[in-house]
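**Q** Quick one: sequence plus predicted model below, questions after.
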Amino acid sequence: MSHATTSADLLRQNVALDSFNTLRLPARAAWFAAVDNVDGLRAILDDPRIQGLPRLVIGGGSNLVLTGDFPGLVLHVAFHGRTRVQEDAEAFYIRAGGGENWHDFVRWTLEMGWPGLENLSLIPGTVGAAPVQNIGAYGLEMAEYFYSLRAYDLETGKTVGFDKRDCAFGYRDSFFKQAGKGRYLIAAVTFRLPKKWKPVTGYVDVSRELEAQGIAAPTPLQLSDAVIAVRRRKLPDPAEIGNAGSFFKNPVVSAEDHARLAAAHPGLPSYPQADGRMKLAAGWLIEQAGWKGRRLGPVGCYEKQALVLVNHGGATGADVLAASVAVRLDVRARFGVDLEAEPVFVGSA
């Protein structure tokens, strides 16, 4: 005879988090639970042993820098499932659980004939983490195809729906990194994938890859394959060397600052923004500042892409923090541009 799931079944104490963050940083959680249903989550949050403790919601841990042990409750999102929930004359509406692997979900949508997310192939992490960061790559942001999500409010205990406006998406930003930070566990996300598909091939690396393969009019899967090939050439596999992907946001500067920088640095890559400002390539700035392939202790910039900080072995969160600060200071000294880290820094140290 089965019994109802209780917090005693789910809550674990003093759990190592090394395998739950892609930088492979050592840290422990005072309390830990993997949650795959709302009833189990409610039972955990009602447990008297964790009342008043800080909480941290994690997915794949690919956007996380653990600077020390976490003194509270770590909730690992394990909500699964993926399905087409609706279809109209213009679009398919596809829902996935927050714990689904993002890349696997993208490839599944393409194989099912629902294109749109192909430029976001091979981005590490989970579906539930994608809206938090508003992940993006090669000319596409997730927000463009986002429709809605369901989240659990850790403060009120209620399940809440969010539409695109509620999420307040920005560049690598959202409501969940700002006013809603730490309050919600995203259980499921729904995407609206238009039936009128048009490939986004404006980024040079992608267009060159397609050209090298002799593909003039790519299918969605071919475009996904091209993105995967580019990413594998430039970015390290977290399974082989600890990293959190692109560590710094591409800075956006005023037209005046851009003109000044472009005059002083003729090779400066830049991309016009809708508001008249210019986005700069953080990787290029870091490389010009001499950091590509360079190490500071056990942490360094990846030899093939300076935008990525890697753990060469034995690094702590303090080591990552020190390296990121050193990179930022050198870029500021050379270009007068401030870089902002993409990952979230968490811990007691």
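**A** Here it is on my side, so go on.
**Q** Can you list the residue ranges for strands in the stretch 51-200 of the chain?
**A** All strands of the stretch 51-200 of the chain, identified by DSSP state E, counting those that start in this stretch, fall at 55-58, 64-66, 70-77, 82-87, 91-97, 136-137, 140-141, 146-153, 159-163, 184-194.
**Q** Could you tell me the backbone phi and psi angles at residue 304?
**A** Phi and psi for residue 304, reported as degrees, to the nearest 10, are phi -100, psi -10.
**Q** give me the number of residues near it?
**A** By other Cβ atoms under 10 Å, the residues close to residue 304 number 12. Every residue, glycine included, has its C-beta placed from N, CA and C.
**Q** wait, what's in contact with it?
**A** Each residue near residue 304 by Cβ atoms under 8 Å, 6 or more residues apart in numbering is listed here: 233, 234, 235, 236.
**Q** Which one of those sits in the busiest neighbourhood?
**A** The residue in these with the most neighbours, by other Cβ under 10 Å, is residue 235 (19 neighbours).
**Q** how about the helices of the stretch 101-250 of the chain, start to end?
**A** 102-111, 130-133, 164-167, 204-212, 220-234 (DSSP state H, counting those that start in this stretch).
**Q** Single out the most deeply packed of these.
**A** Across those, averaging neighbours per residue (mean count of other Cβ atoms under 10 Å) puts helix 130-133 on top, at a mean of 25.
**Q** got the contact list for that one?
**A** Contacts to helix 130-133, defined as Cβ under 8 Å, 6+ apart, come from residues 63, 102, 123, 125, 142-143, 146, 149, 167, 169, 172-174, 176-177, 186, 189, 342.
**Q** what sits against the closest residue to residue 47 other than its chain neighbours?
**A** Spatial nearest neighbour of residue 47, excluding adjacent residues (Cβ to Cβ, 6 or more residues apart in numbering): residue 7 at 3.9 Å. Taking Cβ under 8 Å, 6+ apart, we find residue 7 in contact with 33, 43, 44, 46, 47.
**Q** what's the spacing between the second one and residue 194?
**A** Okay, so that is residue 43. 40 Å (Cβ to Cβ, to the nearest Å).
**Q** more neighbours, the two?
**A** Legend: neighbour count by other Cβ under 10 Å for residue 43 and residue 194, higher for residue 43 (20 against 14).
**Q** that's a helix at that one, yeah?
**A** Yes. Counting by DSSP: H, G, I helix; E, B strand; the rest coil, residue 43 is found in a helix.
**Q** Distance of it relative to residue 77?
**A** Residue 43 is 16 Å from residue 77, where distance means Cβ to Cβ.
**Q** Any regions of the stretch 1-150 of the chain where pLDDT drops low?
**A** For the stretch 1-150 of the chain, residues meeting the criterion pLDDT under 70 lie at 1-5.
**Q** Ok, the stretch 151-300 of the chain next?
**A** The model of the stretch 151-300 of the chain has no residue with pLDDT under 70.
**Q** if we look at the lengthiest helix in the chain, which residues are touching it?
**A** For the chain, the helix reaching the highest residue count under DSSP state H is reported as helix 317-335. By Cβ under 8 Å, 6+ apart, the residues outside helix 317-335 that reach it are 23, 25, 27, 65-68, 247-248, 261, 265, 282, 285-286, 288-291, 296-301, 309, 311, 337-339, 341, 345, 347, 349.
**Q** Work out the gap between it and the centre of the chain.
**A** 21 Å (Cα atoms, centre = their mean, to the nearest Å).
**Q** And for stretch 309-321?
**A** Going by Cα atoms, centre = their mean, where stretch 309-321 is centred and where its chain is centred differ by 19 Å.
**Q** would residue 261 count as being in a strand?
**A** No. Assessed with three-state DSSP, residue 261 is helix; it does not lie in a strand.
**Q** So it is in contact with residue 285, correct?
**A** No. In this structure residue 261 lies outside contact range of residue 285 using Cβ atoms under 8 Å: 9.3 Å.
**Q** And these two? Which one has more around it.
**A** Using other Cβ under 10 Å as the criterion, residue 261 and residue 285 rank with residue 285 on top: 27 against 18.
**Q** count of neighbours near residue 36?
**A** Neighbour tally, residue 36, other Cβ under 10 Å: 18.
**Q** Next up, the contacts around residue 62.
**A** 21, 22, 124, 125, 129, 238, 244, 245.
**Q** would you turn these into TSV with neighbour count and distance to residue 153?
**A** Output for the contacts of residue 62, formatted as TSV (neighbours: other Cβ atoms under 10 Å; distance: Cβ to Cβ, whole Å):
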residue	neighbour count	distance to residue 153
21	25	25
22	23	27
124	23	27
125	23	22
129	26	18
238	21	31
244	26	27
245	25	28
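**Q** Looking at those residues, which one is closest to residue 88?
**A** residue 129 (27.9 Å; Cβ to Cβ).
**Q** So that closest one sits against residue 60, correct?
**A** Yes. Between residue 129 and residue 60 there is a contact under Cβ under 8 Å: 6.5 Å.
**Q** check contacts around residue 278.
**A** By Cβ under 8 Å, 6+ apart, the contact set of residue 278 is 252, 253, 254, 255, 258, 270, 271, 272.
**Q** Give me the buried entries from these.
**A** 252, 253, 258, 270 (16 or more other Cβ atoms under 10 Å).
**Q** now the last one: how far from residue 285?
**A** In this case it means residue 270. Separation of residue 270 from residue 285 (Cβ to Cβ): 11 Å.
**Q** and residue 221, what does it touch?
**A** Residues in contact with residue 221 (Cβ under 8 Å, 6+ apart) are 110, 111, 118.
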